[in-house]
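Engineer: any chance you could fold what I've pasted below:
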Amino acid sequence: MTKLSVNINKIALIRNSRGGNLPDVTKAALDIVRFGAQGITVHPRPDERHIRYKDVYALKPLLPVEFNIEGYPNDKFMQMVTDVKPDQVTLVPDPPEALTSNAGWDTIKHKDFLKEVISVLHKSGIRTSIFIDTDLKKMDEAANTGTDRIELYTEDYAKNYSSSPEKAIEHYRNAAIRAHELGLGINAGHDLNLDNLEYFHQHIPNLDEISIGHALVSDALYMGLEKTVKLYLQKLL
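Structural biologist: Predicted structure coming up:
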């Protein structure tokens with residue numbers, strides 16, 4: 001079964017826009033779990049414009065499901081995740097000023113750096129995932145970093161899905177097959193939504209986990225959080 005991990009960054013962004021604690025990020029995370037999600041994802045950024053570092057520390061002891069922390073492995077991030085020890089850390093090559101994740105790792109260029117980071121995470125008992133594009137050479141090098149999983153960066157799929165689903169999925173399917181052959185677990189995320197998720201799930205073999213935030217929170221504004229979480233879960237049956 002493919003797990004749904006809900007990224008709650010946008011809930012924190014709404015809270016931060018007015019100060020205070022409305023909406024309550026911790027309560028929202030626990031409600032999302034109560035509605036059936038099998039994981040919670042956060043992506044704290046250096047400017048803490050949405051999820052704050054203190055949110056990460058507050059969430060860890062409360063979550064009864066998988067906790068996934070995404071981010072660029074600078075010193076502050078590494079200190080936080082080795083303190084918190086989430087179930088999974090997803091390494092993302094975001095510069096500090098990035099609005100959102102916009103590329104996967106160049107695992108050829110950054111292989112030694114990633115190996116060092118992953119070794120530290122493994123010593124803390126943390127499963128690792130690398131955010132990556134569908135380039136098969138980079139997939140091969142991802143396996144050489146020691147990572148447990150890769151997360152397919154799905155913006156290109158989402159952008160091209162409406163014009164040609166078959167063409168949009170082709171490179172992702174090939175990449176997933178190669179990842180599985182290399183012994184890597186497979187996650188995916190970015191711009192997946194109620195329109196394109198089911199097709200992606202049906203055509204990507206051995207898919208362990210989907211991470212969705214922006215689209216799910218946006219849909220919840222119209223349909224409510226409980227109904228929205230359950231609709232996304234139905235797409236993964």
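
Engineer: now do the strands in this structure.
Structural biologist: According to DSSP state E, the chain carries its strands in the segments 3-7, 39-42, 66-71, 88-91, 127-132, 149-153, 185-189, 207-212.

Engineer: between the ones you listed, which one is closest to Val33.
Structural biologist: For those, proximity to Val33 was assessed by C-beta to C-beta; strand 39-42 is nearest, at 6.8 Å. In short, each C-beta sits where N, CA and C put it, glycine included.

Engineer: what mean pLDDT does the closest one get?
Structural biologist: Across strand 39-42, pLDDT averages out at 98.

Engineer: which other helices and strands does that strand contact?
Structural biologist: strand 3-7, helix 25-34, helix 53-59, strand 66-71, strand 207-212 (3 or more C-beta pairs under 8 Å, 6 or more residues apart in numbering; DSSP states H and E).

Engineer: distance of Leu231 relative to Asp87?
Structural biologist: In this structure, Leu231 and Asp87 are 25 Å apart, going by C-beta to C-beta, to the nearest Å.

Engineer: so what's the residue count around Leu30?
Structural biologist: 17 (other C-beta atoms under 10 Å).

Engineer: output the contacting helices and strands for the lengthiest helix in the chain.
Structural biologist: The residue-count maximum for a helix in the chain (DSSP state H) belongs to helix 165-181. The helices and strands touching helix 165-181, judged by 3+ C-beta pairs under 8 Å, 6+ apart, are helix 136-143, strand 149-153, helix 155-160, strand 185-189, helix 197-203.

Engineer: who are the neighbours in contact with the residue nearest to Ser5 when sequence neighbours are not counted?
Structural biologist: For Ser5, ignoring the flanking residues on the chain, the nearest one in space by C-beta to C-beta, 6 or more residues apart in numbering is Gly39 at 3.1 Å. Residues near Gly39 by C-beta atoms under 8 Å, 6 or more residues apart in numbering: 3-6, 65-68, 87, 209, 211.

Engineer: mind checking how far Gly39 is from Asn74?
Structural biologist: 24 Å.

Engineer: and for His43?
Structural biologist: 13 Å.

Engineer: between these two, which one's more packed in?
Structural biologist: Shown here are His43 and Asn74; by other C-beta under 10 Å, His43 has more neighbours (22 against 10).

Engineer: hang on, that one packs against Asn7?
Structural biologist: Yes: His43 is within contact range of Asn7, at 6.6 Å (criterion: C-beta atoms under 8 Å).

Engineer: identify the contacts common to the two.
Structural biologist: Glu70.

Engineer: grab the nearest non-local neighbour of the most centrally placed residue in the chain.
Structural biologist: In the chain, the residue lying closest to the centroid (C-alpha atoms, centre = their mean) is Ser211, at 4.4 Å. Nearest residue to Ser211, sequence neighbours excluded (C-beta to C-beta, 6+ apart): Gly189, at 3.6 Å.

Engineer: Ile169 now?
Structural biologist: That would be His203: by C-beta to C-beta, 6+ apart, it lies 4.9 Å from Ile169.

Engineer: how many neighbours does the one you found have?
Structural biologist: The burial count for His203: 17, using other C-beta under 10 Å.

Engineer: for Glu166, same thing?
Structural biologist: Glu166, neighbours per other C-beta under 10 Å, totals 10.

Engineer: mind checking how far it is from Tyr157?
Structural biologist: Distance, Glu166 to Tyr157, by C-beta to C-beta: 11 Å.

Engineer: and what of Ser218?
Structural biologist: Taking C-beta to C-beta, one finds Ser218 at 18 Å from Tyr157.

Engineer: I'd assumed Ala175 was in contact with the residue nearest to Ile169.
Structural biologist: No: at 12.0 Å, His203 does not count as touching Ala175 under the criterion of C-beta under 8 Å.
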